[in-house]
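Novice: Sequence first, predicted model second:
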Amino acid sequence: MPKNDPFQSEAYRQIQREHLYRTIAFLLEEGIEFAVAAEVEYLQFEPPLPEEVAERMAPLSLFVLSNYTFESSSVDEEVLSFEAGFGPENFGALVTVPLLAIKQVIVGEYPIAINIAEPSPLEAPETAHSMEALLSNPENQKLLKKKK
């Protein structure tokens, strides 16, 4: 996309952020379980995921919000949060997702919201440290080089 892409402007980001917020708030209020496809580099996990779990996550990962994960979910004008279990040990973590890191909201088999706006750099200051931690492992760097 061009350097001055209107779909990456702050005005469009705000439209998308509000649309995602209102869509997710509606689903939560109506008790409709859903999934989100989100860019992992912008997510925060508390406590941090074990390295063997984190390194297996795809850059764009699908998170299904059902049962306890759905019940623990909340959304505000900036982030979606939920508790989930990861890996074979079902490691529990609170996941915080900046709304613009969500690329799709899916109900059943249908994407009901699609986002092409990228999160602004201000939305990822703390998650940059998680990416640095992942990249500090030489094995992870090899995987990233293979993908390109």
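Specialist: Received it, and whenever you're ready, just let me know what you need. Numbering: from 1, shown residues only.

Novice: wait, what's in contact with the residue nearest to Ser72 when sequence neighbours are not counted?
Specialist: In space, and not counting its chain neighbours, Ser72 is closest to Glu83: 4.0 Å by Cβ to Cβ, 6 or more residues apart in numbering. Backbone N, C-alpha and C define where each C-beta goes, glycine included. Contact analysis of Glu83 by Cβ atoms under 8 Å, 6 or more residues apart in numbering lists Tyr68, Thr69, Ser72, Gly92, Ala93, Leu94, Val95.

Novice: Kindly recompute the last result at 10 Å.
Specialist: Glu46, Tyr68, Thr69, Glu71, Ser72, Ser73, Gly92, Ala93, Leu94, Val95 (Cβ atoms under 10 Å, 6 or more residues apart in numbering).

Novice: Could you check how far Leu49 is from Glu83?
Specialist: 13 Å (Cβ to Cβ, to the nearest Å).

Novice: what's the overlap in contacts for the two?
Specialist: Ala93, Val95.

Novice: ok so, going back, quick check: of the contacts of Glu83, which lies closest to Glu55?
Specialist: Ala93 (15.0 Å; Cβ to Cβ).

Novice: Thank you kindly, that will do.
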